[in-house]
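Engineer: structure for this input, please:
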Amino acid sequence: MPRDHRPFTPAEFEVLLALADGDKHGYAILKAVARGSDGVVLGPATLYTIIRRFLASGVIAESAQRPDPALDDQRRRYYRLTEAGRAAARAEAERLESVLSAARAKHLLRKTRRA
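Structural biologist: Residues are numbered from 1 along each chain as shown. I've put the predicted structure just below:
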């Protein structure tokens with residue numbers, strides 16, 4: 001794993017979740033986080049700080065894939081999870097699952113959550 005062993009922040013994990021289903025540019029990441037997160041508010045400065053950190057550590061990479069130029073602004077940069085980034089996201093999800101399991105064992109949460 002290309003990062004240190006500290007857990008991801010909620011904002012970092014939300015960025016990973018946003019990229020887990022495909023390449024996205026910055027604004028699309030912001031929209032995905034706003035739609036999918038439960039209370040995580042991500043501004044552009046925070047997002048691009050996370051992107052710089054993830055690029056430097058190899059968690060994400062700039063994508064060479066581009067949409068049809070008629071549908072896109074060529075100034076946009078697209079990002080994708082690397083294999084190491086996907087492994088790091090999976091490890092964090094498993095860590096969080098373990099934390100929730102411990103909370104359930106202490107009766108802080110119900111055994112299962114119903115939608």
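Engineer: helices or strands up against the lengthiest helix in the chain?
Structural biologist: Identified as the longest helix of the chain according to DSSP state H is helix 83-105. Secondary-structure packing of helix 83-105 (3 or more CB pairs under 8 Å, 6 or more residues apart in numbering; DSSP states H and E): helix 10-20. C-betas here are computed from N, CA, C, even on glycine.
Engineer: just the buried positions in the helix it packs on, please.
Structural biologist: Under the neighbour-count criterion of 16 or more other CB atoms under 10 Å, helix 10-20 has 11-19 buried.
Engineer: what's the answer for stretch 90-101, then?
Structural biologist: Neighbour-count burial for stretch 90-101 [16+ other CB under 10 Å]: residue 92.
Engineer: low-confidence regions, the chain specifically.
Structural biologist: 1-5, 66-74, 111-115 (pLDDT under 70).
Engineer: what about the most centrally placed residue in it, distance to residue 96?
Structural biologist: Centroid-nearest residue in the chain: residue 16, 1.5 Å away (criterion: CA atoms, centre = their mean). Separation of residue 16 from residue 96 (CB to CB, to the nearest Å) stands at 12 Å.
Engineer: kindly report the same for residue 25.
Structural biologist: 27 Å.
Engineer: same deal with residue 22?
Structural biologist: Distance from residue 22 to residue 96, by CB to CB: 22 Å.
Engineer: for stretch 25-40, which residues meet the burial criterion?
Structural biologist: Buried, per 16+ other CB under 10 Å, within stretch 25-40: 25, 28-30, 32-33, 37, 40.
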